[in-house]
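Undergrad: fold the following and give me the result.
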Amino acid sequence: MTAVEWLYKTLHEQNYIYEDMSEYLKQAKEMEIKQSHDYAEFAIKFSEYCALYSYKNRNMYGEMLHAPTKYDDLYTTKELLEKFKNTNK
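TA: Sure thing, here's the model as predicted:
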């Protein structure tokens, strides 16, 4: 259940749904759907970017490390995400 669906259900159960609110809820639902598609697209692009860093290892803290080859610099997943975000601004 999404946040908008929960809000609609809660308001409806308490008889707070009025005609003018339903249009706002519809717009909020559309925005929520667009945002979820944007996140999915971002996740797909990031996973494709991670594929370029095919060498995997773990450090002593159990964090996953990524590198193009075992001779290149290693990045944690968080560092790799930051690097990806900076290159796609």
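Undergrad: what is the burial count for F84?
TA: By other C-beta atoms under 10 Å, the residues close to F84 number 18. In short, each C-beta sits where N, CA and C put it, glycine included.
Undergrad: can you confirm it is in a strand?
TA: No - read with DSSP: H, G, I helix; E, B strand; the rest coil, F84 is helix and lies in no strand.
Undergrad: that one and H66: what is the separation?
TA: Distance, F84 to H66, using C-beta to C-beta, to the nearest Å: 11 Å.
Undergrad: quick one, what contacts the spatially most central residue of the chain?
TA: Computing the C-alpha centroid of the chain and ranking residues by C-alpha atoms, centre = their mean puts Y39 first, at 4.1 Å. Contact analysis of Y39 by C-beta atoms under 8 Å, 6 or more residues apart in numbering lists nothing.
Undergrad: would you agree it falls within a strand?
TA: No - assigned with three-state DSSP, Y39 falls outside any strand and is helix.
Undergrad: that one and K56: what is the separation?
TA: From Y39 to K56 the distance is 24 Å (C-beta to C-beta).
Undergrad: N57 bridge partners, please.
TA: Beta-bridge partners recorded for N57 (DSSP bridges): L65.
Undergrad: my guess is it meets L74, correct?
TA: Yes - taking contacts as C-beta atoms under 8 Å, N57 lies within contact range of L74: 6.9 Å.
Undergrad: looking at these two, which one has more neighbours?
TA: L74 (17 against 11).
Undergrad: what sits against the nearest residue to the more buried one once chain neighbours are set aside?
TA: Excluding the flanking residues, the one nearest L74 by C-beta to C-beta, 6 or more residues apart in numbering is L65, at 4.3 Å. Going by C-beta under 8 Å, 6+ apart, L65 touches 56-59, 74-76.
Undergrad: now do S36 against A43, distance only.
TA: S36 is 11 Å from A43, by C-beta to C-beta.
Undergrad: need the per-residue pLDDT for the closest residue to Y53 other than its chain neighbours.
TA: In space, and not counting its chain neighbours, Y53 is closest to H66: 3.7 Å by C-beta to C-beta, 6+ apart. We note a pLDDT of 91 for H66 in this prediction.
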